[in-house]
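K.L.:
what's the 3D shape of this:
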Amino acid sequence: MPNVETPGAEQSDSSIVDQIEELINDYIVFPQEFYTFPIALWVLATYYYLLFESFGYLEFCAAHGGIAKTVLFEILRLITKDGQIDENITLSAMLTDIEAIHPTKMIDQAEKLIKRDNDNLRSAILSGTRREAMISVRSGKGTIRRSPYCPKVFALVGRELGGTLNDRCCIIVWMQPATPRVSHNETPFKERAKEIGNACAVTTGKHEPEITAAIQKYRNIDFLNGRENEIWKPVVVVCEVFCPKRRLELEQAIAYIKGTKRLERKPISLEEAYRLQAEAEDRLQLVRDMISLIGDGYGMLSGEMLPALLAMPCRIWGFYAETGLTKEKMEALLKPMKIAPRQSRHFTPDKRPRRGYVRSDVEAALATPQKGGTPVQVLSNKGGGDA
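P.N.:
Reported below is the predicted structural model:
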């Protein structure tokens with residue numbers, strides 16, 4: 001596809017994309033790192049959304065709770081145009097906000113949109129990707145026409161919005177548990193996000209003429225259909241103005257994201273989602289504690305690991321499920337990460353073959369994408385031993 005020729009942003013202003021990417025990457029771990037780039041471009045596009053005929057949504061789905069969706073929403077609230085977070089949004093409140101301040105609406109617990117009693121709100125959101133869309137709502141004894149058009153972000157647990165609503169989302173991310181580079185509690189991410197949000201407002205204000213020119217010269221991406229080109233257009237145009245040299249990188253990300261929409265995922269109940277959340281938290285804590293017990297050694301014998309875990313102070317293992325962690329439950333927790341004891345001659349000085357957990361195996365499992373494609377960062381960078 002030919003590039004769109006535009007005057008381009010000043011070199012110094014292109015760094016705003018890098019700043020957004022770095023901020024998000026420090027606190028949020030996505031299944032694939034390249035998600036952050038189109039999301040950063042989408043953030044900048046919110047400041048120009050009234051210039052576009054259509055604007056696609058973002059959708060963040062979590063296999064279960066406890067995956068930093070709250071932190072992600074707070075970051076997006078502070079860096080998008082007039083970001084607002086809602087949980088129990090009504091149709092009337094949404095339309096009033098849109099007319100008053102043209103915000104970026106972030107709807108948490110969006111599972112409620114799937115229910116039949118939210119048909120009017122769902123219909124308005126379906127129409128809300130198009131600037132010319134108007135819906136009729138009751139006002140007194142008559143009706144009035146109101147606009148549902150604005151950028152929107154959705155967060156769900158255990159399922160996607162599905163069907164036609166998914167078609168309105170340019171980016172759908174299934175998030176999984178992972179360890180961020182920076183702790184949410186140790187660094188004041190809100191102050192940092194506010195500074196970047198202010199920079200976004202100033203920087204985007206300087207480049208409206210370039211955005212307008214790029215819109216006029218835009219050419220469709222050949223592997224996207226008509227609606228897909230419409231909802232991706234704001235992201236691609238912003239890329240052309242702020243970082244045109246990364247155009248191919250963006251198109252590769254778009255191709256991947258489109259491909260992942262074809263994956264069929266079975267929805268799960270909220271009860272199951274929260275059970276999986278607790279189990280995932282226990283699994284990561286178990287692996288951290290195993291690394292701590294092994295220390296600088298080659299590994300630890302199977303017969304020693306479980307008693308050592310049960311004896312650890314200020315840990316749940318001695319009281320796990322009331323009766324304490326068992327061999328069977330420990331193996332079940334470790335199985336998704338493919339951590340299991342193996343035979344080696346290096347556990348004891350006499351070099352006799354013994355079965356145990358090898359430190360390098362445990363550390364490697366933490367660095368390997370788990371089920372769902374999530375890279376979990378290594379919690380220890382110590383070297384491994386020979387089998």
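
K.L.:
what sits up against the helix or strand that contains residue 343?
P.N.:
Taking DSSP states H and E as the definition, residue 343 sits inside strand 342-344. Residues from elsewhere that reach strand 342-344 (Cβ atoms under 8 Å, 6 or more residues apart in numbering): 298-299, 353-356, 358, 361, 387. Placement of C-beta: from N, CA and C, glycine included.

K.L.:
can you check stretch 43-52 too?
P.N.:
Here stretch 43-52 makes contact (Cβ under 8 Å, 6+ apart) with 16-17, 20, 55, 76, 79-81, 102, 104, 131, 149-151, 200-201, 203-205, 208, 211-212, 215, 233-235, 237-238, 242.

K.L.:
returning to what we had before: neighbouring strands of the helix or strand following the strand holding residue 343 in the sheet, and parallel or not?
P.N.:
Sequence order places strand 354-358 as the next helix or strand after strand 342-344, per DSSP H and E. Here strand 354-358 has these sheet partners by DSSP bridges: strand 299-301 (antiparallel), strand 342-344 (antiparallel).

K.L.:
average pLDDT for the last one, rounded please.
P.N.:
Right, strand 342-344. Per-residue pLDDT over strand 342-344 has a mean of 93.

K.L.:
would you mind listing the buried residues in that strand?
P.N.:
Across strand 342-344, burial judged by 16 or more other Cβ atoms under 10 Å covers residue 344.

K.L.:
repeat for the first one
P.N.:
Residues of strand 299-301 classed as buried: 299-300 (neighbour count, 16+ other Cβ under 10 Å).

K.L.:
from the chain's centre, how far out does that strand sit?
P.N.:
Chain-centre distance of strand 299-301: 36 Å, with Cα atoms, centre = their mean, to the nearest Å.

K.L.:
check which helix or strand covers residue 329.
P.N.:
helix 327-334.

K.L.:
and that helix, what does it pack against?
P.N.:
Applying 3 or more Cβ pairs under 8 Å, 6 or more residues apart in numbering; DSSP states H and E, we find helix 327-334 packed against helix 270-294, helix 302-311.

K.L.:
in JSON lines: those helices, plus distance to residue 112 and mean neighbour count.
P.N.:
Formatted as JSON lines, the helices and strands packed on helix 327-334 follow (distance: least, Cβ to Cβ, whole Å; neighbours: other Cβ atoms under 10 Å):
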{"stretch": "helix 270-294", "distance to residue 112": "11", "mean neighbour count": "17"}
{"stretch": "helix 302-311", "distance to residue 112": "41", "mean neighbour count": "15"}
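
K.L.:
which of these sits closest to residue 120?
P.N.:
helix 270-294 (23.7 Å; Cβ to Cβ).

K.L.:
what pLDDT, on average, does the closest one get?
P.N.:
Across helix 270-294, pLDDT averages out at 82.

K.L.:
quick check: angle from that helix to helix 302-311?
P.N.:
110 degrees (axes from the mean of the first three to the mean of the last three Cα atoms, to 10 degrees).

K.L.:
count of neighbours near residue 242?
P.N.:
By other Cβ atoms under 10 Å, 25 other residues sit near residue 242.
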